[in-house]
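>>> show me the folded form of this:
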Amino acid sequence: MDGARILLVEDDERLAQLVSDALTKAGWQVTHAARGDEGEALMRRERFDVVLLDGHLPGKDGFDVLRDVRRDFTGRIVMLTARDDDIDQVLGLEGGADDYITKPVAPRVLLARLKAMLRREAPTVGTAGTAGTAGTTGAAAGADRRVMRFGTLELNPAAREVTLAGQALALTTAEYELLHFLAERAGQVVSRDDIMQGLRGLEFDGLDRAIDARISRLRRKIGDDADTPSRIKTVRGQGYLFVPG
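The predicted structure follows:
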C-alpha cells in the first residue's frame, strides 16, 4: 500500500488539490491530469495502481476514456460520479469500472475506500498491454493455490489466470477477484453483503450496483447465458450461487 501510484483525472482544480494533498499525506504518489485525453495518454504510457477518473472531462469524456482503455488496462479504475446521477454510476460499472465514488467526496472517505481496495491481494500495477497478475502477500501467500477446475472453466490462483476451453480470458482485477471469491465458495449461496465485505471491506447498503454489474460482465466473459445462467445463478432475495458442476 505504501508508495502506491495513483492517477487522478479530474478537471475541478480545487477538488483535485484536496484529493492530491490527502493521498500524498497518506504516502502515495499522485499524478494529476485535468483532461480526459491527457489522462488516457498517461494510462497508456505509465504504470498506476489505481486511476481515479472523473466521468465528465474536457478533451475526452471520462466514460469514453474508460471504454477505450478498459480492454488493455488491467489495473483498478474508480469512476468519480455526480452525487445523485444514477446514470453515471450505471455507465461506469457497465463500462468496466471497478468501483465508483460520488462527488463531492470527503478526503477521509476516499482514503478509507482506497485503503480497503489496496489491502486486498494487490494486482501488479496496470498499464496498457500488461497482464494484471500479482504475487501474494500476507495471509494470501499461504492460501490454496491449486488450479480450480469447473468443466472447461479453469482458475489458476498462482498465476491469477482464468481460461475457458483452453483460451485465456481477459478479466480485470476486480472481475478476477469476484470470480475467485465465488469459485472458492462453489455450491454455496453467497449474499451481496458477503461479497461486499469480502472484496471491499464494506457493508452492502442495498443500493450499490457494482456487484450486479460485475456479475453481468463476468457472465458474458465466461460464456454464461445472461437470461438463463448455468454457472453463476441468481438466487432471488439471497445472492449468487456459483455452480461447481
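>>> any idea how far stretch 211-228 is from the chain center?
15 Å (Cα atoms, centre = their mean, to the nearest Å).
>>> now the helices for this structure?
Assigned by DSSP state H, the chain shows helices spanning 13-25, 36-45, 62-69, 86-94, 107-119, 173-184, 192-200, 210-221.
>>> which other helices and strands does the third one contact?
Based on contacts counted as 3 or more Cβ pairs under 8 Å, 6 or more residues apart in numbering; DSSP states H and E, the elements that helix 62-69 packs against are helix 36-45, strand 50-54, strand 76-82, helix 86-94. Just so you know, the C-beta spots here come from the backbone N, C-alpha and C atoms, and that holds for glycine as well.
>>> take the ones you listed and lay them out in a markdown table including mean neighbour count, mean pLDDT and distance to Arg149.
Shown next, in a markdown table, are the helices and strands packed on helix 62-69 (neighbours: other Cβ atoms under 10 Å; pLDDT from 0 to 100; distance: least, Cβ to Cβ, whole Å):
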| stretch | mean neighbour count | mean pLDDT | distance to Arg149 |
| --- | --- | --- | --- |
| helix 36-45 | 19 | 95 | 34 |
| strand 50-54 | 26 | 94 | 32 |
| strand 76-82 | 24 | 85 | 28 |
| helix 86-94 | 18 | 61 | 30 |
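>>> make CSV from the ones you listed and add distance to Lys25 to it.
Shown next, in CSV, are the helices and strands packed on helix 62-69 (distance: least, Cβ to Cβ, whole Å):
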stretch, distance to Lys25
helix 36-45, 22
strand 50-54, 16
strand 76-82, 19
helix 86-94, 27
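>>> right, I'll leave it there.
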